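Visitor: Sequence plus predicted model, see below.
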Amino acid sequence: MSTVRLSNVSKSFGNLRVVSDVNLEISDGEFLVLLGPSGCGKSTTLRMIAGLEETSSGDILIDEKVINDDDPKDRNIAMVFQNYALYPHMSVRKNLAFGLKMRNMKTSTIAEKVNEVADMLQLSDLMERFPAQLSGGQRQRVAMGRAMVRTPKVFLFDEPLSNLDAVLRTELRSELKKLHMQLKTTSIYVTHDQVEAMTLADRIVVMKNGKIEQIGTPKEIFHNPKTLYVAKFIGNPQMNLHEMQVKKINNSIFLTASSLSIPIPKAVINRTNTSYLKDGATISMGIRPTDIFINNAGNKKGAFKAKMILTEMLGAETLIEFGIEDLNFKAIVEDDYGISSGDLFEVGMNFEKIHIFEDTT
Amino acid sequence: MIISFPDKKKRRIYKENFLYIIMMIFGFLMLVPLIWVVLTAFKTEPEIAKLPITWLPESFLNFDNFVQMFAEQPFGRYFFNSITVAVISLISSTAIAVLAGYAFAKIEFKFKEFFFLLILSVFMIPAEVMVLPKYLMMAQIGWVNSYLGLAFPDLFTAFGVYLFRQFMSGIPDTYIDAARIDGASEIKILWHVILPLIKPALAAFIIIKFMFSWNQFLWPLVIGQKQDMFTVTVGLVAFSGQWYNQWNLIAAATVLSIIPMLLIFVLLQKHLVQGLVMSGTKG
Ligand SMILES: Nc1ncnc2c1ncn2[C@@H]1O[C@H](COP(=O)(O)OP(=O)(O)OP(=O)(O)O)[C@@H](O)[C@H]1O
Ligand SMILES: [Mg+2]
């Protein structure tokens, strides 16, 4: 059981700065997910924690002890790789035992621990097989077992599920979650899959170009994205985002674009940086597809005239795309009331759920 | 429904058979000298000189040539010398090539490319050119007429460094990362992870290197000046006199000298044929 802390950690390859001034605190038993698009420095950050990559500056601490200069083997961490990296010439049993053998553990103790982990991960029948004789899911389990068998202080995962097909990925994802609830080992998990991040994380760290964009629980990140970048990255389908002007009338604030005008409730103003809300300023307005509804109940307040562009049946829900004036929106609704493309109808928005961002790209 | 194309199939079989026949002819042509030497080893001198030539010896139980060959020269000693030199150079060159290959393939250090080119350039100088300078060096160190002197040019091979670097470059870095996290030191990574993965290259190198060292002639001739430092190849040549070649003895000694190479090949060919398994990773 351990804590991990990154203090002003940076990394450059030559002149290329890949990770900049990352500050992070991971508490004991926490499951932290590093989330970001390809090339944003997630793996590099993880590899620095593992000791596979040196930091250019800053400190990494495990249990409040600086470990920058320790070899990976002395950090008491375990890592699961995207491509599994099982030793191809060793059986499953030997793969699991390798880390213990390298630590000169007694043969009988090794056997005991290996069997225990094999039981836990349902690998017992596969022990004499070689990696080539395993399915993708089985290989991933062995990789997981290899990490678990040493009972390390910290687990590091680098996109461990991304080579699996969708069904298996979902399955192993929940298995992983259960394992973590059972073992409660501090874990750092890298992924570019927001669903994985949402479902697994205690806290998510959204990264962009080697910098931390926002840290928060999945709920915070989803409901209160701090930047346009986070808003765009989280949520599927994406949040509706439009450039609008701030207009102050008396004490009320409106967002306008062409003849569309949206009143902004107090709740939104309270959680928005006031400097964004200067009269005449151009901002980005965001609203999630799930916070828009078809106004069918005769509640005319706050309703907009809309023209249906497209409806897509998703199963239980329907994804609709429509235009208000010349702005396009997407919404997830339970019922499309038989409205088809080209039809005019009325939509309502949950104004409380509107997000305002300073940048406009 | 099963569709068969009898004509096409037949044609393919003819084509394959034709290829096999061609290969057999060439294979046989290459074997003829070897077969001839083996047969000659069992013939008496008059039999060898007989015209028209006879292929088969009168008796395959005629071991006189082998007995006489050991009587005329200390071939036991020559074999011992050859084997000692081969073993020394094999161990030394394999160890150096594996270590250097690993460094060039997987470890970052300054001027890596430059050093690698430097080593490759050794490749490009013909060994004969270096005989004299090397001899002078040996003379100064006092290694003339010694096993180290005999093995000296083979203690290190640029070819081996190149071969192992190439093979090791093909091994994904994540195996090494995983092993580092598993607690292995560099040497243990090399031993437990890298070497098992390059077995075919290792087997090929050992065979080639052994053959090369076993068949050396010019250098042992220069450096092993006393008879008790002769190698098999040098001893063989001693059977050809200025006026007259003892073909029966040359043949017998040649047959014996081939045996160690055959042994090595038989021992290692399993690993040579076995493909490289790189299936622990995906994607
Ligand atoms: N050894 C290296 N030398 C030079 N540049 C590197 C090296 N390793 C990574 N980089 C660069 O650092 C940047 C971040 O790489 P990193 O692997 O951390 O990204 P990532 O967020 O894990 O992306 P992905 O989701 O594609 O794995 C990339 O631009 C990459 O090209
Ligand atoms: Mg990565």
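Guide: Yes, it's here. Ligands and ions are numbered 1, 2, ... in the order given.
Visitor: Just the element for residue B:213, please.
Guide: Following DSSP states H and E, one finds residue B:213 within helix B:199-215.
Visitor: Residue A:238 too?
Guide: Using DSSP H and E, no element contains residue A:238; it sits outside every helix and strand.
Visitor: before we move on, what about the one 5 residues further on?
Guide: If you go by DSSP H and E, residue A:243 is part of strand A:240-249.
Visitor: hang on, the earlier thing: buried residues in the helix holding residue B:213?
Guide: By neighbour count on 16 or more other C-beta atoms under 10 Å in any protein chain shown, the buried set for helix B:199-215 is B:199-207, B:209-210, B:212-214. For glycine as for every other residue, the C-beta is placed from the backbone atoms N, C-alpha and C.
Visitor: roughly how far apart are whichever residue of the stretch 101-250 of chain A sits closest to ligand 1 and chain B?
Guide: Nearest to ligand 1 in the stretch 101-250 of chain A, going by C-beta to the nearest ligand atom, is residue A:192, at a distance of 4.8 Å. As judged by C-beta to the nearest C-beta, to the nearest Å, residue A:192 and chain B stand 14 Å apart.
Visitor: pLDDT weak spots in chain B?
Guide: Where chain B drops to pLDDT under 70, the residues are B:1-6, B:242, B:273-283.
Visitor: What's the separation between residue A:64 and chain B?
Guide: 22 Å.
Visitor: Is residue A:186 bridged to anything, and to what?
Guide: Beta-bridge pairing of residue A:186 under DSSP bridges involves residue A:154.
Visitor: how about it, what does it touch?
Guide: A:1-4, A:26-30, A:153-155 (C-beta atoms under 8 Å, 6 or more residues apart in numbering or on different chains).
Visitor: Arrange the residues you listed in TSV, one row each, with distance to ligand 1 as further columns.
Guide: Converted to TSV, the contacts of residue A:186 look like this (distance: C-beta to the nearest ligand atom, whole Å):
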residue	distance to ligand 1
A:1	27
A:2	23
A:3	23
A:4	17
A:26	18
A:27	23
A:28	26
A:29	25
A:30	21
A:153	23
A:154	18
A:155	17
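Visitor: Of all those, the one with the weakest confidence?
Guide: Lowest pLDDT among the contacts of residue A:186: residue A:1, with 69.
Visitor: I'd guess residue A:205 is in a strand, am I close?
Guide: Yes. Residue state for residue A:205 (DSSP: H, G, I helix; E, B strand; the rest coil) corresponds to a strand.
Visitor: Quick one, grab the pLDDT at it.
Guide: For residue A:205, pLDDT reads 97.
Visitor: Next: residue A:221.
Guide: Confidence at residue A:221, expressed as pLDDT, is 95.
Visitor: buried sites along the longest helix seen in chain A?
Guide: Secondary structure of chain A read by DSSP state H shows that its longest helix is helix A:166-183. Buried residues in helix A:166-183, counted by 16+ other C-beta under 10 Å: A:169, A:172-173, A:175-176, A:179-180.
Visitor: which among those gets closest to residue A:145?
Guide: residue A:179 (10.3 Å; C-beta to C-beta).
Visitor: what's the helix or strand in which residue B:104 is found packed up against?
Guide: Taking DSSP H and E as the criterion, residue B:104 maps to helix B:75-106. Where contact means 3 or more C-beta pairs under 8 Å, 6 or more residues apart in numbering or on different chains; DSSP states H and E, helix B:75-106 is packed against helix B:112-123, helix B:147-151, helix B:158-169, helix B:199-215, helix B:232-237, helix B:247-273.
Visitor: winner for burial among the ones you listed?
Guide: Among those, ranked by average contacts under mean count of other C-beta atoms under 10 Å in any protein chain shown, first place goes to helix B:147-151 (a mean of 22).
Visitor: Output the contacting helices and strands for that one.
Guide: helix B:75-106, helix B:218-223.
Visitor: Now render those as a markdown table, adding mean neighbour count.
Guide: Shown next, in a markdown table, are the helices and strands packed on helix B:147-151 (neighbours: other C-beta atoms under 10 Å in any protein chain shown):
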| stretch | mean neighbour count |
| --- | --- |
| helix B:75-106 | 19 |
| helix B:218-223 | 20 |
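Visitor: possible to save those as JSON lines with distance to residue A:197?
Guide: Converted to JSON lines, the helices and strands packed on helix B:147-151 look like this (distance: least, C-beta to C-beta, whole Å):
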{"stretch": "helix B:75-106", "distance to residue A:197": "33"}
{"stretch": "helix B:218-223", "distance to residue A:197": "66"}
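Visitor: would you list the ones you listed in a markdown table and tack on distance to ligand 1?
Guide: Output for the helices and strands packed on helix B:147-151, formatted as a markdown table (distance: least, C-beta to the nearest ligand atom, whole Å):
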| stretch | distance to ligand 1 |
| --- | --- |
| helix B:75-106 | 13 |
| helix B:218-223 | 44 |
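Visitor: Which of the ones you listed sits closest to residue B:259?
Guide: helix B:75-106 (9.6 Å).
Visitor: between that closest one and helix B:112-123, how many degrees?
Guide: With axes from the mean of the first three to the mean of the last three C-alpha atoms, to 10 degrees defining the directions, helix B:75-106 sits at 150 degrees from helix B:112-123.
Visitor: Residue B:44 and ligand 1, how far apart?
Guide: Per C-beta to the nearest ligand atom, to the nearest Å, residue B:44 is found 71 Å from ligand 1.
Visitor: Number of residues surrounding that residue?
Guide: By other C-beta atoms under 10 Å in any protein chain shown, 15 other residues sit near residue B:44.
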